[in-house]
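Visitor: Below are the sequence and a predicted model for it; my questions follow.
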Amino acid sequence: MGGSEAVPSEWDARPASREALSTEQFRVAQTWSGPRQARELLRKLTRWRPTYRPLIFSYLVIVIATFWVTGPFAGVLGWPLTVLWTWPIFNTLTGIVGIRRTRRALRESKARWAGREAAISDSLLVVVVPTIGRHDIYPALERSIRSYLAYLPERFARLRVDIVVDEGSEAAERIAGLADGSELVRLVTVPREYRTANGTRFKARAAHYAHELRIREHDDGDDVWVLHMDDDTGVGPDTALAMARFVAEQAQAGGDAKHLAQGILTYPREYALNRLTWLADSVRPAEDVGRFSAWTGSGTPRAGVHGELLLVRASVEATIGWDFGPRTLVEDAQFALIFSARYEGRSGWFAGRSYGASPASVHDFFRQRERWSWGLAGLVFNRSLQLRNRVLLGYSVLSWVVGPIQNVGVVLLVGVLLADPRTSPVTLVVIPLWALNMAYTIWMYWEGLRVNAGVSADDRRRWWEALAVVTLIPFFGLLEGVPGLRGFIKFARRTENKFLVIAKPS
C-alpha cells in the first residue's frame, strides 16, 4: 500500500504468528508479500456489489404464493394485519433506494480512482477508541489497535490513535502497555472527578472528554478528521483506502465538501463465539448498504449513524460535541440528528468496512438491542431535536417496537387462539406491499450473510448458513423485536437507564 505498496512497517517489529496476530491479520500478513499481492487483496475486498437477485426472486415467489392462498374475505385479524404488515413499507422503499445508491457509488468510485490505489491523505486522522477497560474486553481492543497500526499509516501521513479509558479501570495497566508499544498510540485517561456541563454519563462522557482535549490541543481544524471506533472493531486495507479517498475528495470539493461519513459494519466469522448471533447480525451490513446508505449517502443522516466507523471533520464535531445529558444511551444517533439539522446535505458514504464481533451470547444480543431501543425512544420524545427528524425516527422505532406482534408465528398463534386463523387483508391492494416488505427482509439477511462471510478468513458462504439464515428469519424477528419492545417499555416507565457493555469476543 502507499507509494511503494509494501507491507506496513509496523509488521516488521512483530512476529507474524497466530499467537501474536488475529486470524485475519495473520492471513493478511502472509498474503501481502509485495505490490502484486497487495493489489490482488484490495481487488478481492472491493469487488463486491449488492445484488437485486434475492430481492426480486423472493418478491415474485411471495406475491404469487400470497395471492394464491389468500381468501376473499378478511377475518378478525384483517384490519390489524392490513396496518401492521403494511407499516414498514417506507423503510423498505428507502432500503431499495439505498441499494441502488450503493451500487452507483461503487461504480463511480471505481471509475474515479482507477489507477490511483496509492492515494495518501495529508490530513491528520485521529482514531478515538473509548473502552470500559475490563480484562474481558482487552483482547478485542488489542486486536483492533493492531489493525489501525497495520493499515492506516500507509494511507494517512499524519495519524494518532487515542485510547480513551476511565481512571482506575481494571485493565488500565495492560492498556497502558498497549499504548506504549507504538508512538502512534496515546492513552487518554478520563479523571474520576470529570463532569460535563450537562452531566453526561457512560460512553458519551468519555467521548466528550476526548473531544474537549482535542480542542485544547488545537486539533479541531478543517484538515483534521476524527474516526470513532468501538473497542472491538478493527479496520482493513479497504477501510484505509476508502477513507483516504473520501478525505481527499473533500479537500477538492470546496464549498460542497462533506463533513461526516460512514461505511459498512461487518462481522467476520472467526470473531464470533456464537454462530446464532453471527447469523442474526447479517442484518447489520445489509442495513448499511440499504437504508443507511440512502440517508447518510444522500447527505443527511436522518436514520442515525453507528458509533463505530464514524468519520467526522474535527471542526464540525467541535460545534456539536457529545454532552447530551445524563439519560443519553445512543449518543451516536443523537449526534446524527443534530448534525442533520445543522449541516443538511453534508454527509457521505464510503465503501470501506469495519471488522467487529457479534455479541457472544443470545443474552448479550438481547441486552444490546434493548439498550438501543431504550435510547432511541428517548430521542423520539426529546424536544430539543428537530421535529421532522424525530418524526422519521419515531416511525422507525414504532416499526421496531411492534415487531413481536408483526411476527408471522405470533400472528398464526393468535389466529388459532381466536378460532379465526385467516390472515387475509381488508383489501388485496396491500398484498404487493406485504410481499415487498418480506422480500426486503429476506434480502437483508441473505445479502448481509454474503457480506459477513466474504470478509471472513474462510470467505466461502456455506450452504447450510444460507439455508439457516432464511429459515430462522421469524426467530430473528423475535430476537430483534422483543428487546425492542422491552426497551420502549423501560423508557415509558422511566426506569433508571444503564449503559451495559457486553463482552467482546477476541
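Guide: Nice, thanks for sending it over. Since we're looking at a predicted model, the values are computed, not measured. Numbers count the residues shown, from 1 in each chain.

Visitor: now do the same end-to-end measure for stretch 150-161.
Guide: End-to-end distance for stretch 150-161: 12 Å, by CA to CA, to the nearest Å.

Visitor: Just the buried residues of that stretch, please?
Guide: Using 16 or more other CB atoms under 10 Å as the burial criterion, the residues of stretch 150-161 that qualify are Ala150, Tyr151, Leu152, Pro153, Glu154, Arg155, Phe156, Leu159, Arg160, Val161. Heads up, the C-betas are built off the backbone N, CA and C, glycines and all.

Visitor: cool, stretch 337-348 as well?
Guide: Leu337, Ile338, Phe339, Ser340, Tyr343, Arg346, Ser347, Gly348.

Visitor: ok, now stretch 209-217?
Guide: Quick answer for stretch 209-217 (16+ other CB under 10 Å): Tyr209, Ala210, His211, Glu212, Arg214.

Visitor: go on, stretch 454-462?
Guide: Gly454, Val455, Ser456, Arg461.

Visitor: Farthest-apart pair in these, please.
Guide: Maximum pairwise distance among these (CB to CB): 11.3 Å, between Val455 and Arg461.

Visitor: where does the stretch 201-350 of the chain have low pLDDT?
Guide: The stretch 201-350 of the chain contains no residues with pLDDT under 70.

Visitor: now the end-to-end length of stretch 187-204.
Guide: 17 Å.

Visitor: scratch that, stretch 446-465
Guide: OK, stretch 446-465 end separation, CA to CA: 9 Å.

Visitor: Pull the residues that contact that stretch.
Guide: 23-24, 27, 45, 48, 50-51, 54, 236, 264, 266-270, 278-279, 281-287, 289, 353, 355, 466, 469-470 (CB atoms under 8 Å, 6 or more residues apart in numbering).

Visitor: from the buried residues of stretch 209-217, which single one is nearest Thr423?
Guide: Ranked by distance to Thr423 (CB to CB), the buried residues of stretch 209-217 are led by His211 at 51.0 Å.

Visitor: Glu142 versus the closest one, what's the distance?
Guide: Look at His211 and Glu142: by CB to CB, to the nearest Å, they are 24 Å apart.

Visitor: Quick one: the strands in the stretch 301-450 of the chain, in order.
Guide: 310-313, 347-355 (DSSP state E, counting those that start in this stretch).

Visitor: ok, and what's touching the first one?
Guide: For strand 310-313, the surrounding residues in contact (CB under 8 Å, 6+ apart) are 222, 224-228, 243, 246-247, 250, 259-262, 332, 350.

Visitor: From the residues you listed, which land in helices?
Guide: Residues from the contacts of strand 310-313 lying in helices, with DSSP state H as the criterion: Met243, Phe246, Val247, Gln250, Asp332.

Visitor: Serialize those to a markdown table and add fields for neighbour count and distance to Gly409.
Guide: Compiled in a markdown table, the ones in helices among the contacts of strand 310-313 are given as follows (neighbours: other CB atoms under 10 Å; distance: CB to CB, whole Å):
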| residue | neighbour count | distance to Gly409 |
| --- | --- | --- |
| Met243 | 26 | 42 |
| Phe246 | 21 | 43 |
| Val247 | 24 | 47 |
| Gln250 | 22 | 47 |
| Asp332 | 21 | 32 |
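
Visitor: Name the nearest of the residues you listed relative to Pro72.
Guide: Among the ones in helices among the contacts of strand 310-313, and counting by CB to CB, the member closest to Pro72 is Asp332, at 48.2 Å.

Visitor: what's the closest non-adjacent residue to the closest one?
Guide: Computed as CB to CB, 6 or more residues apart in numbering, the closest residue to Asp332 that is not its neighbour in sequence is Gly307, at 3.9 Å.

Visitor: how is the chain carved up into domains?
Guide: The chain resolves into domains spanning 9-46, 119-358 when parsed by automatic domain parsing.

Visitor: most packed of those?
Guide: domain 119-358 (a mean of 21; mean count of other CB atoms under 10 Å).

Visitor: now the buried residues of stretch 454-462 as a markdown table including distance to Pro80?
Guide: As requested, the buried residues of stretch 454-462 are exported to a markdown table (distance: CB to CB, whole Å):
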| residue | distance to Pro80 |
| --- | --- |
| Gly454 | 40 |
| Val455 | 40 |
| Ser456 | 41 |
| Arg461 | 37 |
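
Visitor: which of those lies closest to Asp166?
Guide: For the buried residues of stretch 454-462, the nearest to Asp166 is Val455 (31.5 Å; CB to CB).
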